[in-house]
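S.K.: Predicted model and sequence follow; I will ask about them next.
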Amino acid sequence: MSFTFDPLPQPVVGPGESVFAAVGLDHPHIDGMTQGLLDAGGTLALVHDPDPGKVAAFTARFPQARVADSEGQVLEDPDIRLVASAAVAADRAPLGVRVLEAGKDFFADKPAITTLDQLEAAREATARTGGIFAVYYGERLTSESALLAGQLIDRGAIGRVLQVASFGPHRLGTGRPEWFFDPERYGGILCDIGSHNFEQMLHFTGATDGEIVSATVANYAHAETPGLQDFGDAHVVLDNGTTGYVRVDWFTPAGIDVFGDGRTIILGTEGYIELRKYIDVATGNGGNQVLLVDQDGQHRFDATGMTGYPYFGRLIRDCLDRTETAMTQAHAFKAAELSILAQTSARVLAQPPAGL
């Protein structure tokens with residue numbers, strides 16, 4: 001078996017050609033989003049958050065960022081082309097609409113949208129302004145194993161994709177902010193961490209829409225935080241006849257040294273691919289393992305260093321060129337829509353008794 005792969009991404013602009021700001025630092029994903037844009041050649045100019053502590057931590061890592069006194073200062077700056085945000089989940093879409101109305105593009109951490117009303121407003125704003133509302137679905141966009149799998153699929157390694165089964169366990173840990181336990185603020189488990197998985201279903205199958213066949217959520221073991229959903233799953237039938245399954249949870253045990261044993265299994269007509277994204281349990285292989293079984297045999301790739309993260313450079317070029325090479329707007333919104341529909345239709349299997 002011999003496959004050729006895409007070249008590693010390089011910076012796509014020079015200093016000052018693509019200027020961006022960070023507004024809303026409530027989730028640490030903002031650091032990875034910022035670093036990705038910088039690595040692609042972007043220029044970080046401003047940062048704003050009402051919490052001085054968060055701003056201090058951000059500027060310690062990115063000292064080139066000047067501190068803005070207000071969101072308005074960022075939105076009124078004519079040099080800012082793109083605003084990145086990892087604000088509280090429920091606040092991201094309203095901020096995005098304000099950014100678009102200010103004539104700039106928006107790059108939000110997932111879940112970028114937590115309700116159907118927010119989704120409608122975001123769709124209307126992009127249509128009216130022509131702006132980009134980009135979403136950081138990092139479990140594919142910054143997973144070299146997932147990116148390598150995409151290249152293999154594009155090259156016909158497993159034939160036509162039939163199903164994507166995606167598992168996203170996470171570790172709850174300590175020190176989470178209060179909003180993290182309020183479903184009105186974080187969106188619910190399928191809307192929140194599940195949005196990664198719905199995006200992967202659409203991407204790997206090539207589907208553009210889908211129907212939630214079944215969905216469940218539960219709080220099985222965290223009575224002290226009744227607003228938390230510690231388990232969720234969903235079965236999806238996609239518009240091209242393929243299917244998807246997602247399971248997400250907060251039950252990563254202490255005996256594993258990563259935040260979660262994220263895995264994806266992609267079934268095709270000519271073979272299948274398994275991704276062991278963050279760890280290959282009980283081996284020394286590390287994460288980013290891509291296991292391919294095809295008609296010729298069994299193959300393993302260590303994707304580390306093989307793909308880089310081309311999304312960020314493509315997003316920068318999309319903002320400058322008004323193209324859709326990083327991710328189409330329809331795809332970003334459809335992944336959000338499916339996650340919201342799964343969340344709102346989910347059967348509740350277990351929750352703490354009232355009053356606890």
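M.R.: The structure has been received and is ready for your questions. Residues are numbered from 1 along each chain as shown.
S.K.: Export only the CA atoms of stretch 4-21, formatted as PDB.
M.R.: C-alpha atoms of stretch 4-21 as PDB (Å, rounded to 0.1, in the frame of the first residue of the first chain):
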ATOM      1  CA  THR A   4       0.700  10.300  -0.800                       C
ATOM      2  CA  PHE A   5      -0.400  12.900   1.600                       C
ATOM      3  CA  ASP A   6      -0.900  16.700   1.600                       C
ATOM      4  CA  PRO A   7       2.100  18.900   2.300                       C
ATOM      5  CA  LEU A   8       2.300  20.500   5.700                       C
ATOM      6  CA  PRO A   9       0.700  24.000   6.000                       C
ATOM      7  CA  GLN A  10       2.800  27.100   5.900                       C
ATOM      8  CA  PRO A  11       1.900  30.700   6.900                       C
ATOM      9  CA  VAL A  12      -0.400  32.200   4.400                       C
ATOM     10  CA  VAL A  13       0.100  35.900   5.100                       C
ATOM     11  CA  GLY A  14       2.800  38.200   6.300                       C
ATOM     12  CA  PRO A  15       2.800  40.500   9.300                       C
ATOM     13  CA  GLY A  16      -0.100  42.900   9.400                       C
ATOM     14  CA  GLU A  17      -1.900  41.400   6.400                       C
ATOM     15  CA  SER A  18      -4.500  39.600   8.600                       C
ATOM     16  CA  VAL A  19      -5.200  41.400  11.900                       C
ATOM     17  CA  PHE A  20      -7.400  39.700  14.500                       C
ATOM     18  CA  ALA A  21      -8.500  40.200  18.100                       C
END
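S.K.: what about the spatially most central residue of the chain, distance to Gly271?
M.R.: The centre of the chain sits closest to Tyr137, judged by C-alpha atoms, centre = their mean, with a distance of 1.6 Å. To Gly271, Tyr137 is 25 Å away according to C-beta to C-beta, to the nearest Å. Every C-beta, even on glycine, is put in place using the N, C-alpha and C of the backbone.
S.K.: Glu337 too?
M.R.: Note on Glu337: its distance to Gly271, by C-beta to C-beta, is 31 Å.
S.K.: before we move on, what about Asp182?
M.R.: From Asp182 across to Gly271, the span is 43 Å (C-beta to C-beta).
S.K.: Who has more neighbours out of these two?
M.R.: Neighbour tally, Asp182 and Gly271, criterion other C-beta atoms under 10 Å: the higher count belongs to Gly271, 20 against 16.
S.K.: Show me the beta-bridge partners of that one.
M.R.: Gly271 has these beta-bridge partners by DSSP bridges: Gly268, Asp294.
S.K.: Any buried residues in the strand or helix carrying Leu315, and which?
M.R.: Leu315 is part of helix 311-321, with elements assigned from DSSP states H and E. By neighbour count on 16 or more other C-beta atoms under 10 Å, the buried set for helix 311-321 is Tyr311, Phe312, Gly313, Arg314, Leu315, Ile316, Arg317, Asp318, Cys319.
S.K.: Could you say whether Arg247 sits in a helix, a strand or coil?
M.R.: The assignment at Arg247 comes out as strand when based on DSSP: H, G, I helix; E, B strand; the rest coil.
S.K.: And it, how far from Ile132?
M.R.: 31 Å.
S.K.: With Asp294 instead?
M.R.: 37 Å.
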